[in-house]
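Colleague: Pasting the sequence and the predicted model now:
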Amino acid sequence: MNAIGNVNSTKLWVFGYGSLCWHPGFEYSNQQLGFIRGFSRKFWQGNISHRGTELKPGRVATLIEEDEAITWGRAFELTGEKALQYLEQRECKLGGYRTLITTFYSRNGVMPPLPVFLYIATADNNQWMGPAPVSDIAAQVTECRGAAGHNIEYVIRLADFFRDHLPEVHDDHLFSLEASVRQHMEQKKMVWIESSTSLKEPQSTELAATDAESVAADAQVRRDSFQHQSRLAPKKLLCLKV
């Protein structure tokens, strides 16, 4: 594994293991499901932009080096320089990640192994949070939101991605965290309803009903802002406190 420096975006592949799986946000010419070796996915990276704030940082996924581990996700072949510039801004400048190169293995061997670059957060970045009990991470997730939406959305959409597209894969850390997040949501009387592509937290169902126009407007903004966000079927989620 090597750090990536100046790269040529022609035939350049990036491996997504977090929000890139369901929300790439850039143009790509090809994509494959598959895995990399030597890493495990952990929600040990803080986030003060996309899924939290400086006062209430959220929790997002990073990769921890483990010799025998396998991490599944989604690899994308980038199209043009804009995709690389977008990722540099999203992952490095705002997210606190750095880049590495490793080998990607496609699901069921549908294509030969190929080099991919990936974004990884390490303990030396200023948003690092490190290990914590799953219940503590879940409690933090349910309290945080940032410019891209609620931290709950990040966790649940990632778990849904694996159930929908890689049902044979079980990530104990991810699914344990999702289960704990849902428990915390139940304790706080937060529920999901199929209503919008964005996540809101009205204080009552009555407010949810009167706020329908703003919810729809916010959903349109997100669609317009991320025109290449995914080639997966969109899921419409609304979070309520009732």
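Modeller: Cool, got the structure.
Colleague: How is the protein divided into domains?
Modeller: 2-186, 189-242 (automatic domain parsing).
Colleague: Select from those the stretch with the lowest mean pLDDT.
Modeller: Among the domains of the chain, domain 189-242 carries the lowest mean pLDDT, at a mean of 39.
Colleague: Provide the backbone phi and psi angles at Ala123.
Modeller: Taking degrees, to the nearest 10, you get phi -70, psi -10 for the backbone angles of Ala123.
Colleague: Distance of Leu63 relative to Tyr17?
Modeller: Distance, Leu63 to Tyr17, by C-beta to C-beta, to the nearest Å: 7 Å. C-beta coordinates here come from the backbone N, C-alpha and C atoms, glycine included.
Colleague: anything in contact with each of the two?
Modeller: Any residue near both Leu63 and Tyr17 by C-beta atoms under 8 Å, 6 or more residues apart in numbering counts here, and that gives 41, 71, 118.
Colleague: which other helices and strands contact the host helix or strand of Thr102?
Modeller: Assessed by DSSP states H and E, Thr102 sits inside strand 98-106. Using 3 or more C-beta pairs under 8 Å, 6 or more residues apart in numbering; DSSP states H and E, the elements in contact with strand 98-106 are strand 2-3, strand 13-16, strand 28-47, strand 114-120.
Colleague: Spit out the contact partners of the nearest residue to Asp67 once chain neighbours are set aside.
Modeller: Nearest residue to Asp67, sequence neighbours excluded (C-beta to C-beta, 6 or more residues apart in numbering): Gly38, at 6.3 Å. Gly38 sits next to 1, 65-67, 69, 102 when contact means C-beta under 8 Å, 6+ apart.
Colleague: same check, this time on Ser106
Modeller: Listed by C-beta under 8 Å, 6+ apart, the contact set of Ser106 reads 32-34, 75, 113.
Colleague: Can you add distance to Thr122 and give those residues back as TSV?
Modeller: Converted to TSV, the contacts of Ser106 look like this (distance: C-beta to C-beta, whole Å):
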residue	distance to Thr122
Gln32	26
Leu33	26
Gly34	24
Ala75	22
Pro113	25
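Colleague: So which of the residues you listed is the closest to His50?
Modeller: Nearest to His50 among the contacts of Ser106, counting by C-beta to C-beta, is Ala75 at 21.2 Å.
Colleague: Tell me, how many residues neighbour that closest one?
Modeller: Ala75: 25 surrounding residues under other C-beta atoms under 10 Å.
Colleague: Can you give me the buried ones in whichever strand or helix holds it?
Modeller: Applying DSSP H and E as the criterion places Ala75 in strand 58-78. Buried residues in strand 58-78, counted by 16 or more other C-beta atoms under 10 Å: 58-64, 71-78.
Colleague: Equivalent analysis for stretch 23-37, please.
Modeller: Buried residues in stretch 23-37, defined by neighbour count with 16+ other C-beta under 10 Å: 23-26, 28, 32-36.
Colleague: which residues make contact with it from outside it?
Modeller: With contact meaning C-beta under 8 Å, 6+ apart, stretch 23-37 is reached by 15-17, 69-80, 82-83, 86-87, 90, 102-107, 110-111, 116, 118, 157, 165-166, 226, 228-231.
Colleague: to the chain's geometric centre, what's the distance from that stretch?
Modeller: Put simply, stretch 23-37 sits 13 Å off its chain's centre (C-alpha atoms, centre = their mean, to the nearest Å).
Colleague: same question, stretch 113-125
Modeller: Centre-to-centre, stretch 113-125 and its host chain are 14 Å apart (C-alpha atoms, centre = their mean).
Colleague: can you tell me how far Ser135 sits from Ala61?
Modeller: 18 Å.
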